[in-house]
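Asker: I'd like to go over a predicted model; first the sequence, then the structure.
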Amino acid sequence: MKWGYGFLLVLMLCSIWWGYPFAKNRFSERGTIYQSDEGYLSPYPGYGRVSEEVGEHIFVNPEGEPVFFDQIQNKDKYQSDKYEVMVIPAQEKVRYIVGSVLHLQKIAGSEDEYLWLCSTSGTERYRISYAGQEASVVAIERINSRDKIEKNMVEAATPASVGAIGKEVMHKRIKRGDSIVLTLQWELPRYSKQDERGVETIEMMILRRGRGMAEWREEIEQEGGK
């Protein structure tokens, strides 16, 4: 089989968890998953954690200049009085995660919430940060314009810029079975920021809509909200 028995087993478990037959696509285009060989349809093909293994390297912060990365063998060429150098260990670097929404979970003592997803990686949770400068943000991917690559783009969830995720967005406009794309916050020397429970924090949540921002605005208008 094209996706393998392991993938089908995960889909069966997800179907049981939801109480709906996943295979019948009960969640319409909002649940669209692009296979890896259909990458021309979306900037984010695949299902699960899309990542790469990176070797040991360095992060360089020069005084008064933009930061950059370099190879570990060049560490000694940066003088300590002019450069701040951090060694980044070999690790998994997650490019993005594609999953189907299961449910939200409250976090004791916090306004943040955990988002549970189902994918080929199994069922996993990721932390949504609702407040502060490091609040998770949301964007919209238009998915029904399949004739041209440039039409399949990520659009900001507000007309001018990507906006912070609010609980209103999560509780009113995210449905079980929706396909979403996540990118993770960094906390160097790790390429993923983790909370005290070891749960990774979402940097951006990309929601899939057939007509992109136009459909998103219609949802807002129908709710009479902002």
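Answerer: In hand now; what should we look at?

Asker: the protein: strands as residue ranges?
Answerer: Applying DSSP state E to the chain gives strands spanning 48-54, 57-62, 68-71, 83-88, 91-106, 113-119, 122-128, 137-142, 154-156, 163-164, 179-184, 202-209.

Asker: show me the domain layout of the protein.
Answerer: Structural domains annotated on the chain: 4-53+94-223, 56-88, as defined by automatic domain parsing.

Asker: most tightly packed of those?
Answerer: domain 4-53+94-223 (a mean of 16; mean count of other Cβ atoms under 10 Å). C-beta coordinates here come from the backbone N, C-alpha and C atoms, glycine included.

Asker: which strand residues bridge residue 194?
Answerer: Beta bridges link residue 194 to residue 200 when assigned by DSSP bridges.

Asker: give me the pLDDT for it.
Answerer: Listed pLDDT for residue 194 reads 93.

Asker: so how far is residue 187 from it?
Answerer: In this view, residue 194 and residue 187 are 7 Å apart by Cβ to Cβ, to the nearest Å.

Asker: one more: residue 125?
Answerer: Taken as Cβ to Cβ, the span from residue 125 to residue 187 is 18 Å.

Asker: residues in contact with stretch 106-117?
Answerer: 97, 99-105, 123-131, 167, 170, 180, 182, 199, 202, 205 (Cβ atoms under 8 Å, 6 or more residues apart in numbering).
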